[in-house]
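A.B. asks: Quick one, fold the following:
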Amino acid sequence: MGWLVRSKIITIFVFAILILPASNVFAFSNGQPATVVIGQGTFTSNIAGTTATALQNPSGISFDSAGNLWVVDFNNNRVLKYVAPITTGEAATVVIGQGSFTTGTFGTTATTLSGPGSISFDSAGNLWVVDSNNNRVLKYAAPITSGEAATVVIGQGTFTTGTFGTTATTLTGPVGISFDSAGNLWVADSSNSRVLEYAAPITTGEAATVVVGQSTFTTNTAGTTATTLTFPTGISFDSAGNLWVADDVLKYAAPITTGEAATVVIGQGSFTTGTFGTTATTLHTPFGISFDSAGNLWVADRGNNRALKYAAPITTGEAATVVIGQGSFTTGTFGTTATTLSGPGSISFDSAGNLWVTEFNNNRALKYPTTISQVTGQLTVIANTCGINVVSGAPINYGSLTPGSISTEQTVVLQNTGTASGTLAVHGTDWLDGSSIAQILVGNTKFSTASNTYASKTALTTVDQTVGTINPTPNLSTFWQVQVNLISSSFSGSLTQTTTFSNSC
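C.D. replies: You can find the predicted model right below:
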């Protein structure tokens, strides 16, 4: 009973870690290195090939609902699937457009391709491929297997024709593809300087219902105005349903109608200029575009060998805030390393928010891991707790981490200004979000009273554990580290951990 009288429960730490905050859901840094490479065995090799582990001028990239990676292998006339979790140099498991992984012939049938450009998945998991040199778009029904035949063709009336044209039912050198939220298919018909909409449900040879970049379905005049396009490539939709087109990069406000004028332009200061440059506000042959879940726009700036991020909300002529592939916004050199790019083509994000980029000239696809931005709450000590107080270390700030990485060691120094020694025990709780669903395992936080590696520290658990004895002198230093492993990779919001300490003296 006497011990219970002397024992004090004190709340010392309130750790608040902000995971994927709304203002910067996926955090990347200028010039950061890639951590995974597909198509090569190392970051410094650039060998083209026709095998399950090699690529030859990859262009499009996308993820299916299971997190598997799909890559368009342009000059091998095929599309490849890589099974998650994806590792450096892994072999593809499915090939479309060829009967095996060691052939790369082109053709114009339901089972062959000729210079495919980009890919997308519809809501049912069917794969759609832009078959650029055959002037068509093909649908492959899920579940997708090697060498399977397409079931729908757009831009042609049959699977054995590849003629070009400028009508509502024909295409000329299509490149980009995307679906809107209603399931309608949109295609960047590059050589016709237009973007076309095909209304769902989509059937073979159907006619487009909306054209952007031209006023009619039978014109293909290139131009540099708010209503014209010049060889558009990538297309994407933001969360509000607005259409974005890589021309420079133009926004068309929803609902989209034939011949409508763009309302925002990126890479230029106005709709009537088309100059290229290498700055934070200019582009040089943009190709693929994509949005992260925070609504930030990412552009593969092919001619500048870089990928750029534009922070939402996006306005005309705004400056990019992050550059990948270069160390600054004013360089555009190519290279074959983990920090350089050569002819980036398409951009995509996996479900964890990691950035993936295909490189046409380096024959590879690269992964750039997102970091987790963290903030911490204030460290407080309740009065009259055996003289215990904090000397330094509050608030704890672990910095930015990539999922799975371990923070640097953080030190919290406590002192006992009383007259008797005190024993400090810690009791931890799970990391929780606002809905009280565990998102990080409690064992990912570790502590010790000696400076050691993460593996040597004691894991914080939900039972009381002795931290150490605090004498009136000297002070007690405690060392803390965390490894952030999200239980839900798609989690977005604030996570808070309250750690309580009991002290007996």
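A.B. asks: quick one: low-confidence ranges for the stretch 251-400 of the chain?
C.D. replies: Within the stretch 251-400 of the chain, the segments meeting pLDDT under 70 span 371-385, 399-400.
A.B. asks: so where do the helices sit in it?
C.D. replies: Using DSSP state H, counting those that start in this stretch, no helices are found in the stretch 251-400 of the chain.
A.B. asks: what does stretch 413-425 contact?
C.D. replies: Counting by CB atoms under 8 Å, 6 or more residues apart in numbering, stretch 413-425 makes contact with 12, 386-393, 464-473, 475-478, 501-505, all of which sit outside it. Placement of C-beta: from N, CA and C, glycine included.
A.B. asks: now do stretch 320-328
C.D. replies: Counting contacts by CB under 8 Å, 6+ apart, the residues outside stretch 320-328 that touch it are 28-32, 280-281, 299, 304-311, 329, 332-333, 339-341, 344, 355, 357, 368.
A.B. asks: hmm, back to that, may I see the PyMOL selection of the buried members of the contacts of stretch 413-425?
C.D. replies: Applying 16 or more other CB atoms under 10 Å to the contacts of stretch 413-425, the buried members can be selected in PyMOL as follows:
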select buried, resi 12+386+387+388+390+393+467+468+470+476+477+478+501+503+505
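A.B. asks: Show me the strands in the stretch 51-200 of the chain, by range?
C.D. replies: For the stretch 51-200 of the chain, the strands defined by DSSP state E, counting those that start in this stretch cover 58-63, 69-73, 78-82, 94-96, 116-121, 127-131, 136-140, 152-154, 174-179, 185-189, 194-198.
A.B. asks: Distance to residue 412 added to the ones you listed, as JSON lines?
C.D. replies: Formatted as JSON lines, the strands of the stretch 51-200 of the chain follow (distance: least, CB to CB, whole Å):
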{"stretch": "strand 58-63", "distance to residue 412": "41"}
{"stretch": "strand 69-73", "distance to residue 412": "42"}
{"stretch": "strand 78-82", "distance to residue 412": "43"}
{"stretch": "strand 94-96", "distance to residue 412": "51"}
{"stretch": "strand 116-121", "distance to residue 412": "48"}
{"stretch": "strand 127-131", "distance to residue 412": "52"}
{"stretch": "strand 136-140", "distance to residue 412": "56"}
{"stretch": "strand 152-154", "distance to residue 412": "62"}
{"stretch": "strand 174-179", "distance to residue 412": "50"}
{"stretch": "strand 185-189", "distance to residue 412": "54"}
{"stretch": "strand 194-198", "distance to residue 412": "57"}
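A.B. asks: Rebuild the ones you listed as a markdown table, extending it with distance to residue 207 and mean neighbour count.
C.D. replies: Written out in a markdown table, the entries for the strands of the stretch 51-200 of the chain read as follows (distance: least, CB to CB, whole Å; neighbours: other CB atoms under 10 Å):
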| stretch | distance to residue 207 | mean neighbour count |
| --- | --- | --- |
| strand 58-63 | 25 | 24 |
| strand 69-73 | 26 | 27 |
| strand 78-82 | 26 | 25 |
| strand 94-96 | 26 | 24 |
| strand 116-121 | 20 | 25 |
| strand 127-131 | 17 | 26 |
| strand 136-140 | 13 | 26 |
| strand 152-154 | 10 | 23 |
| strand 174-179 | 15 | 24 |
| strand 185-189 | 12 | 27 |
| strand 194-198 | 8 | 25 |
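A.B. asks: Among these, single out whichever gets nearest to residue 226.
C.D. replies: Evaluated with CB to CB, the strands of the stretch 51-200 of the chain place strand 194-198 nearest to residue 226, the distance being 14.0 Å.
A.B. asks: What is that closest one packed up against?
C.D. replies: Secondary structure elements in contact with strand 194-198, counted by 3 or more CB pairs under 8 Å, 6 or more residues apart in numbering; DSSP states H and E, are strand 185-189, strand 210-212.
A.B. asks: Return the list of strands paired to that strand, each annotated with direction.
C.D. replies: Neighbouring strands of strand 194-198 in its sheet, by DSSP bridges, are strand 185-189 (antiparallel), strand 210-212 (antiparallel).
A.B. asks: Now do the longest one: everything it contacts.
C.D. replies: Residues from elsewhere that reach strand 185-189, judged by CB under 8 Å, 6+ apart: 122, 128, 130, 137, 154-155, 171-180, 195-198, 200, 202, 208, 232-235, 237, 243, 245-246.
A.B. asks: Can you show me the strands along the stretch 401-505 of the chain?
C.D. replies: When secondary structure is read from DSSP E, counting those that start in this stretch, the stretch 401-505 of the chain shows strands at 410-416, 422-427, 431-432, 438-440, 445-448, 458-459, 465-470, 476-482, 493-504.
A.B. asks: would you turn those strands into JSON lines with mean pLDDT?
C.D. replies: Formatted as JSON lines, the entries for the strands of the stretch 401-505 of the chain read as follows, by pLDDT from 0 to 100:
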{"stretch": "strand 410-416", "mean pLDDT": "87"}
{"stretch": "strand 422-427", "mean pLDDT": "78"}
{"stretch": "strand 431-432", "mean pLDDT": "62"}
{"stretch": "strand 438-440", "mean pLDDT": "68"}
{"stretch": "strand 445-448", "mean pLDDT": "88"}
{"stretch": "strand 458-459", "mean pLDDT": "90"}
{"stretch": "strand 465-470", "mean pLDDT": "84"}
{"stretch": "strand 476-482", "mean pLDDT": "87"}
{"stretch": "strand 493-504", "mean pLDDT": "67"}
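A.B. asks: Indicate which one of these is closest to residue 276.
C.D. replies: Proximity of the strands of the stretch 401-505 of the chain to residue 276 was assessed by CB to CB; the nearest stretch is strand 493-504, lying at 40.0 Å.
A.B. asks: mind checking the end-to-end distance for stretch 204-213?
C.D. replies: Looking at stretch 204-213, the gap from its leading to its trailing residue is 24 Å under the measure CA to CA, to the nearest Å.
A.B. asks: what does it rub up against?
C.D. replies: When contacts are taken as CB under 8 Å, 6+ apart, the neighbours of stretch 204-213 outside the stretch itself are 152-154, 156-158, 168-169, 187, 193-199, 217, 227-229, 232, 243, 245, 247, 252, 256-260.
A.B. asks: How about stretch 242-249?
C.D. replies: Contact partners of stretch 242-249, identified using CB under 8 Å, 6+ apart, comprise 176, 180, 186, 188, 195, 212-213, 229-238, 250-254, 256, 262, 265-268, 274, 283, 286-289, 291, 297, 299.
A.B. asks: Of those, keep whichever come out buried.
C.D. replies: For those, burial is judged from neighbour counts taken by 16+ other CB under 10 Å, and it is met by 176, 180, 186, 188, 195, 212-213, 229, 231-238, 250-252, 256, 262, 265-268, 283, 286-289, 291, 297, 299.
A.B. asks: Let me know the average pLDDT across stretch 114-134.
C.D. replies: Mean pLDDT, computed over stretch 114-134, is 98.
A.B. asks: first vs last residue of that stretch, how far apart are they?
C.D. replies: The first and final residues of stretch 114-134 sit 6 Å from each other (CA to CA).
A.B. asks: centre of the chain versus it, how much separation?
C.D. replies: Computed by CA atoms, centre = their mean, to the nearest Å, the chain-centroid distance of stretch 114-134 equals 20 Å.
A.B. asks: likewise stretch 287-300?
C.D. replies: Between the mean C-alpha point of stretch 287-300 and the mean C-alpha point of its chain there is a distance of 9 Å (CA atoms, centre = their mean).
A.B. asks: And stretch 343-361, by the same measure?
C.D. replies: 8 Å.
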